[in-house]
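*Asks:* Show me how the following folds:
(2 chains)
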Protein chains: 2
Amino acid sequence: MLVVKFGGNGNLNMDSFCADVAFMVRNGYKLAVVHGGSKEMDALSEKLGKPPLFVTTPSGFQSRYTDRETLEIFIMAVGKVNKLLVEKLQKLGINAIGLSGLDGRLIRGKRKGVIIAQEGEKKKVLKGDYGGTVEEVDAKLLSLLLERGYTPVIAPLALSEEGEALNVDGDRVAAAVAGALKAQALLILTGVPGLLRNFPDESTLIPEIPGEKLEEYIELYARGRMKKKLLGAAEALRQGVHLVILADGRVENPIRRALEGHGTFIKQGGEGWTTLPWKMLTPAASTESTP
Amino acid sequence: MLVVKFGGNGNLNMDSFCADVAFMVRNGYKLAVVHGGSKEMDALSEKLGKPPLFVTTPSGFQSRYTDRETLEIFIMAVGKVNKLLVEKLQKLGINAIGLSGLDGRLIRGKRKGVIIAQEGEKKKVLKGDYGGTVEEVDAKLLSLLLERGYTPVIAPLALSEEGEALNVDGDRVAAAVAGALKAQALLILTGVPGLLRNFPDESTLIPEIPGEKLEEYIELYARGRMKKKLLGAAEALRQGVHLVILADGRVENPIRRALEGHGTFIKQGGEGWTTLPWKMLTPAASTESTP
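*Replies:* I've put the predicted structure just below:
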């Protein structure tokens, strides 16, 4: 079982990604896709006259302030990405099924409600936020679909305890999905080749991080969005995923290329790095992959 | 099994509708919801500077010309309606699951490709249309979900033979879903109380139409969108659905009100109208309705 996060960055190559998903599924691998939608979201909210409002939290994260109107634009933006991925996969013969975290209560989240913005020395409280954290993923629904040959494609929305839709982070969703499905690997495809020692110099790619040193690497090297990706990686490792790969989503064959060793490999337990992940990913017994 | 179409008309009451769906499901009825999204679509495409283009076909139907850009706006508009319905139902404790016809190849369609517009005496051919007709609904996927207590909420998109997304008519989708699920009844909620003898005079509601006279009534009384609804009704009857009700979606308790006899009842076979549909709808054996 492999969970692949396809980032919302506009430079990512959706066609190559889908072709690679199709290749994997046809070769008997079980796969779940989680996607983002930030570029689509920015473009749509600009067009609708509601430009995105990003704030920096006191802990240094960039966070999107999501009022109800923004949430509904987010629903449309990620919904579009979801259906375009499903359409492309279907065209390639893969029986993709798009779901958001609302559907069948797939992803339970916790609403933040307020967001705190650090503006120089001052802190500003923004109320009515519909952002949330990922609390739980329903593996039962996903397994039901996977067992029948469907390939789930998951949009980053969650359902709050009060039954409200929440905008949640796609990387965290991917981590929680990988954990819930006890995936052997989580692959996060992004607009850079992996974690860079000196961002944005791509020649400074860090090829390996031992799981137990991840926190340290986050402190030292992660900038902006990369922090969330690595926190997602840490969560996935805690939930028993053996391997997290951060890799380039802009290239041809992004999944195969990553699995062949290109990217930043974060492995639980600090074992040797000699085993190619190809061999770790148990192919499904049957090659019947589409119902 | 009951299939309910919730129209895209802006006057329909989404809260009352969802409350009634929740009431039915809690009382053990199996239900599938199909929705439209025309009002949301019109508003969104106006806002995005791509106003809808309606043409009148030579056979007198109003048809939306859907180029690829319009299709993607349609995907967003119906996606929003889908998730708002799912969110409202989840808030009421109903385990709704939103799907479009693309997902899991739920609805197979046939692409029209061209649309012919009648402009006075002249006919104009518009190419690159992504509108389509509904060919087949996969009852297996819906049954899988219904058996496990999920309530499917279906958006009017279909997958063409070439694997492209198509904009399809929600009433036709509802008819095909009802046929595929062998539903006892199809209820189409709309912005009028049913078929009117003299549109828009609501006091001229036609309470009953014998199935075998439906064509005749379409010729005599159906205007605009109502024609498609009645053609949907005819399709559903042909596929073995016992009863189609056209009823008012603007009121409180729209489903219960319709089932109690308010609306236009179209019944296969011309039997007596004495049996209240409440009694026709076999409640599920178990009242466990959410997994």
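*Asks:* A:Glu72 contacts B:Lys80, doesn't it?
*Replies:* Yes: in this structure A:Glu72 lies within contact range of B:Lys80 using Cβ atoms under 8 Å: 6.2 Å. The C-beta positions use only the backbone N, C-alpha and C, and glycine is treated the same way.
*Asks:* if you look at stretch A:140-153, does any of it touch chain B?
*Replies:* Yes: under the criterion of Cβ under 8 Å from any Cβ of the partner chain, chain B is reached by stretch A:140-153 at A:Lys140, A:Leu144, A:Leu145, A:Arg148, A:Tyr150.
*Asks:* Going toward the C-terminus from the top helix by length along chain A, what's the next helix or strand?
*Replies:* Looking across chain A with DSSP state H, the single longest helix is helix A:68-91. Per DSSP states H and E, the first helix or strand lying C-terminal to helix A:68-91 is strand A:96-100.
*Asks:* Which strands border that following strand, and is each parallel or antiparallel?
*Replies:* According to DSSP bridges, strand A:96-100 forms sheet pairs with strand A:151-155 (parallel).
*Asks:* And the residues of stretch A:140-153 next to chain B, which is closest to chain B?
*Replies:* Relative to chain B, the closest of the residues of stretch A:140-153 next to chain B is A:Tyr150; by Cβ to the nearest Cβ it sits at 5.5 Å.
*Asks:* My read is that the closest one contacts B:Leu99, right?
*Replies:* No: using Cβ under 8 Å, A:Tyr150 makes no contact with B:Leu99, being 11.2 Å away.
*Asks:* between those two, what contacts are shared?
*Replies:* Each of A:Ile97 lies in contact with both A:Tyr150 and B:Leu99 under the rule Cβ atoms under 8 Å, 6 or more residues apart in numbering or on different chains.
*Asks:* and the residue of the stretch 101-250 of chain A found nearest chain B, helix, strand or coil?
*Replies:* Nearest residue of the stretch 101-250 of chain A to chain B: A:Gly163, at 3.2 Å (Cβ to the nearest Cβ). The local conformation at A:Gly163, judged by DSSP: H, G, I helix; E, B strand; the rest coil, is coil.
*Asks:* Please name the residues that touch it.
*Replies:* By Cβ under 8 Å, 6+ apart, the contact list for A:Gly163 reads B:Glu87, B:Gln90, B:Lys91, B:Leu92, B:Gly93.
*Asks:* quick one: pLDDT of it?
*Replies:* We have a pLDDT of 96 for A:Gly163.
*Asks:* List phi and psi for it.
*Replies:* When quoted as degrees, to the nearest 10, the phi and psi of A:Gly163 stand at phi 80, psi 20.
*Asks:* Throw together a PyMOL command that grabs the buried residues out of the contacts of A:Gly163.
*Replies:* To isolate the buried members of the contacts of A:Gly163 in PyMOL, using 16 or more other Cβ atoms under 10 Å in any protein chain shown:
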select buried, chain B and resi 87+90+91+92
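*Asks:* what's the closest of the contacts of A:Gly163 to chain A?
*Replies:* Nearest member of those to chain A, counting by Cβ to the nearest Cβ, is B:Lys91, at 3.2 Å.
*Asks:* Which residues in the longest helix of chain A does the neighbour count mark as buried?
*Replies:* Those would be A:70-91, for helix A:68-91 by 16+ other Cβ under 10 Å.
*Asks:* Contacting chain B as well, which ones from those?
*Replies:* A:72, A:75-77, A:79-80, A:82-84, A:86-87, A:90-91.
*Asks:* Run through the helices of chain A in chain order.
*Replies:* A:14-26, A:38-47, A:68-91, A:139-147, A:170-180, A:214-221, A:225-238, A:254-259, A:277-280.
*Asks:* Output those as JSON lines; include the columns mean pLDDT.
*Replies:* Listed next are the helices of chain A as JSON lines, based on pLDDT from 0 to 100:
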{"stretch": "helix A:14-26", "mean pLDDT": "96"}
{"stretch": "helix A:38-47", "mean pLDDT": "94"}
{"stretch": "helix A:68-91", "mean pLDDT": "98"}
{"stretch": "helix A:139-147", "mean pLDDT": "97"}
{"stretch": "helix A:170-180", "mean pLDDT": "96"}
{"stretch": "helix A:214-221", "mean pLDDT": "95"}
{"stretch": "helix A:225-238", "mean pLDDT": "91"}
{"stretch": "helix A:254-259", "mean pLDDT": "94"}
{"stretch": "helix A:277-280", "mean pLDDT": "54"}
